[in-house]
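Novice: test case, fold it:
(chains A and B)
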Amino acid sequence: RKEVEQDPGPFNVPEGATVAFNCTYSNSASQSFFWYRQDCRKEPKLLMSVYSSGNEDGRFTAQLNRASQYISLLIRDSKLSDSATYLCVVATNNDMRFGAGTRLTVKP
Amino acid sequence: DTAVSQTPKYLVTQMGNDKSIKCEQNLGHDTMYWYKQDSKKFLKIMFSYNNKELIINETVPNRFSPKSPDKAHLNLHINSLELGDSAVYFCASSSGPQGTQYFGPGTRLLVL
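Specialist: Down below sits the predicted model:
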């Protein structure tokens, strides 16, 4: 089993749609969780950290389920500019592991 | 001002050559990383340095040797380049081993 697993997609959604991504991790001792965004031919950038109680940043909501060892990202009212690859990141002690990413395309 | 910079941005070279990629961060971070992103877009950590000390050294061929002359720099030297080394190499830094990572723009390496 991979340490961090994501559905690679692609997810193709119309503007205004709500879309959700899940990410599972194998190490129950993992301590910190993040979502990064990577645009085509660009570097990854932090989208948001994921807190135990769940957190929201505008149209983006992140959730953590430690019992089932997964994190999720919900995007509401999708914009064309949300088209990107979304990377799940899990940190354990000194080690950060990236998922392979989920590709999202938002269409007019 | 660029927070994390890498040089060169593009590198095209022949098999068997030796090349170096440089990385500098001006964020005052203690931790720096090298990642490899292959054609399948999977981002894989190669090395991590904290306060100039190696803390992560994944299963990477010993042809790859990182060097950290100071906390702001982490360079990657690659000996005897192979076709399979073609990828995008990203440098990153963070304020600690589990902090937010800030990535450089990447170095696109093509080995012919």
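
Novice: sheet partners, orientation included, of the lowest-mean-pLDDT helix or strand in chain A?
Specialist: Ranked by mean pLDDT, DSSP states H and E, the weakest helix or strand in chain A is strand A:95-98, scoring a mean of 85. Counting by DSSP bridges, the strands paired with strand A:95-98 are strand A:84-92 (antiparallel).

Novice: which positions in the partner strand come out as buried?
Specialist: A:Ala84, A:Thr85, A:Tyr86, A:Leu87, A:Cys88, A:Val89, A:Val90, A:Ala91, A:Thr92 (16 or more other CB atoms under 10 Å in any protein chain shown). (Glycine included, C-beta is placed from N, CA and C.)

Novice: what does the least confident helix or strand of chain A contact?
Specialist: Where contact means CB atoms under 8 Å, 6 or more residues apart in numbering or on different chains, the residues beyond strand A:95-98 that reach it are A:3-4, A:25, A:36, A:44, A:87-91, B:35, B:42-45, B:48, B:56, B:97-98, B:101.

Novice: hmm, 7 Å instead?
Specialist: A:Glu3, A:Val4, A:Leu87, A:Val89, A:Val90, B:Leu43, B:Ile45, B:Ile56, B:Gln98, B:Gln101 (CB atoms under 7 Å, 6 or more residues apart in numbering or on different chains).

Novice: which of the residues you listed fall in strands?
Specialist: If you go by DSSP state E, the contacts of strand A:95-98 have A:Val4, A:Leu87, A:Val89, A:Val90, B:Leu43, B:Ile45, B:Ile56 in strands.

Novice: if we can go back for a sec, just send the buried residues of strand A:84-92 back as a markdown table, with pLDDT too.
Specialist: Below are these laid out as a markdown table (pLDDT from 0 to 100):
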| residue | pLDDT |
| --- | --- |
| A:Ala84 | 96 |
| A:Thr85 | 95 |
| A:Tyr86 | 97 |
| A:Leu87 | 96 |
| A:Cys88 | 95 |
| A:Val89 | 93 |
| A:Val90 | 93 |
| A:Ala91 | 89 |
| A:Thr92 | 84 |
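
Novice: just the residues you listed now: which is nearest chain B?
Specialist: A:Ala91 (4.4 Å; CB to the nearest CB).

Novice: can you tell me which two in the contacts of strand A:95-98 are farthest apart?
Specialist: Largest separation among the contacts of strand A:95-98 by CB to CB: A:Leu87 and B:Ile56, giving 18.0 Å.

Novice: ok, B:Lys19 touching B:Ile78?
Specialist: Yes: here B:Lys19 reaches B:Ile78: they are 5.5 Å apart, a contact under CB atoms under 7 Å.
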